[in-house]
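**Student:** could you work out the structure for the sequence below:
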Amino acid sequence: MRFAWVIILLIVGAVWKVSGAGEFEVIGSYVPVTAQLGHDVVLPCHLEPPVDVTALIVEWKFNGTDIVNSYRSGGDDQDPVKKRFKNRTSLFHDEMVHGNISLRLSNVSHDDAGNYTCWFPKTQFKNGSVTLTVENSQRREEGDDPETGNNKGVFIGVAVGVICLIIGLIVLKRLGCLGQNRQQENNPPNDGNHLELLRTNQNADDQEDANDQEDANDQEDANDQEDENDQEDENDQEDENEQEDENDQEDENEQEDENEQEDENEQEDENEQEDENEQEDENDRGEREPLNEPNRQLNDD
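**Tutor:** Sure thing, here's the model as predicted:
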């Protein structure tokens, strides 16, 4: 058994040497973590090389989607956490100054079994992952019985799986990170400066988000102002139309008054003409009566 652990440690050391010392990497667990139903469990995860991460944003996700734990601004943020994980997870805040971001999960259920990812948003750190399996307490006790011989088989299976996984990591790092590793060998990074740069980039991203929000607010204000101006123009146009309608109505009324006045004047002229004609007729009759008087007398004689 001890010989197997020595082999595993040697392979892990070889992987670390190939990957390039000084590169920040989030390390989870290459071995699945087993928890008993209803108990608490710690999912290991840390940043290598170890640095203070209290000023960064840390998140744990379940099966790549559900947020299990969110750490920002120096404390846990429960708002984005999935409902069934709320108040069941926590980080070891005192250990975060050493890069430890392990997760404690309480009251484990069968639904909690799956893959957990620990990562730093807005950074280029590689993600770490931990696989959690859940089993009943009775089954765990049977597995611990030395008479059954299960412990030895489980250990050998895990050791073989770890060795295969580490060999695969070595191949991937050789193929994908060779150029990056050479650059790091020529120019070894300064951990403190690199972390400061990450913090600066994070602040720049936050400032960019704030600027985007301000631009959106300015655009909304501009749209509101345009709507107000359009409404004022519509109101002014309505007022002008109403004024024109009133002026037209006044012109029509004045025209009607003038027509009525003309009709009255014409009627008065006609009445005066009729009166004059009647007066002339009466005068004519008055002149004819003296002339007709001798004729009447002759007729009487």
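
**Student:** find the centremost residue of the chain, please.
**Tutor:** Closest to where the C-alpha atoms of the chain average out (C-alpha atoms, centre = their mean) is residue 213, at 10.1 Å.

**Student:** please tell me how far that one sits from residue 220.
**Tutor:** Counting by C-beta to C-beta, to the nearest Å, the gap from residue 213 to residue 220 is 11 Å. In this view, the C-beta of every residue, glycine as well, is placed from N, C-alpha and C.

**Student:** repeat for residue 231
**Tutor:** From residue 231 across to residue 220, the span is 16 Å (C-beta to C-beta).

**Student:** residue 50 too?
**Tutor:** 46 Å.

**Student:** out of these two, name the residue with the larger neighbour count.
**Tutor:** Between residue 50 and residue 220, counting by other C-beta atoms under 10 Å, residue 50 is the more crowded of the two (13 against 10).

**Student:** for the more buried one, which non-adjacent residue is spatially closest?
**Tutor:** Once flanking residues are discounted, residue 50 sits nearest to residue 99: 3.6 Å by C-beta to C-beta, 6 or more residues apart in numbering.

**Student:** just the pLDDT at that neighbour, thanks.
**Tutor:** Looking at residue 99, its pLDDT reads 90.

**Student:** for it, give me its contacts.
**Tutor:** Residue 99 sits next to 46, 47, 48, 49, 50, 51, 52, 53 when contact means C-beta atoms under 8 Å, 6 or more residues apart in numbering.

**Student:** about what we covered before: name the element the residue nearest to the centre of the chain belongs to?
**Tutor:** Using DSSP states H and E, residue 213 sits within helix 191-300.

**Student:** mind giving me the packing neighbours of that helix?
**Tutor:** For helix 191-300, not one helix or strand is in contact under the criterion 3 or more C-beta pairs under 8 Å, 6 or more residues apart in numbering; DSSP states H and E.

**Student:** shaky segments in the stretch 101-250 of the chain?
**Tutor:** By pLDDT under 70, the low-scoring segments of the stretch 101-250 of the chain are 138-154, 176-195.

**Student:** where along the stretch 1-150 of the chain do the helices fall?
**Tutor:** Using DSSP state H, counting those that start in this stretch, the helices found in the stretch 1-150 of the chain span residues 2-19, 137-143, 150-176.

**Student:** I'd like to know how many residues surround residue 119.
**Tutor:** Neighbour count of residue 119, defined by other C-beta under 10 Å: 19.

**Student:** so what's it up against?
**Tutor:** The contact partners of residue 119, by C-beta under 8 Å, 6+ apart, come to 26, 58, 59, 61, 125, 127, 128.

**Student:** mind putting those residues in CSV, distance to residue 42 included?
**Tutor:** Formatted as CSV, the contacts of residue 119 follow (distance: C-beta to C-beta, whole Å):
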residue, distance to residue 42
26, 16
58, 15
59, 17
61, 17
125, 21
127, 18
128, 14
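
**Student:** can you redo those residues as a markdown table with distance to residue 269 and neighbour count?
**Tutor:** Shown next, in a markdown table, are the contacts of residue 119 (distance: C-beta to C-beta, whole Å; neighbours: other C-beta atoms under 10 Å):
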| residue | distance to residue 269 | neighbour count |
| --- | --- | --- |
| 26 | 112 | 22 |
| 58 | 106 | 22 |
| 59 | 103 | 20 |
| 61 | 104 | 19 |
| 125 | 109 | 18 |
| 127 | 109 | 15 |
| 128 | 113 | 23 |
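
**Student:** thanks a lot, see you next time.
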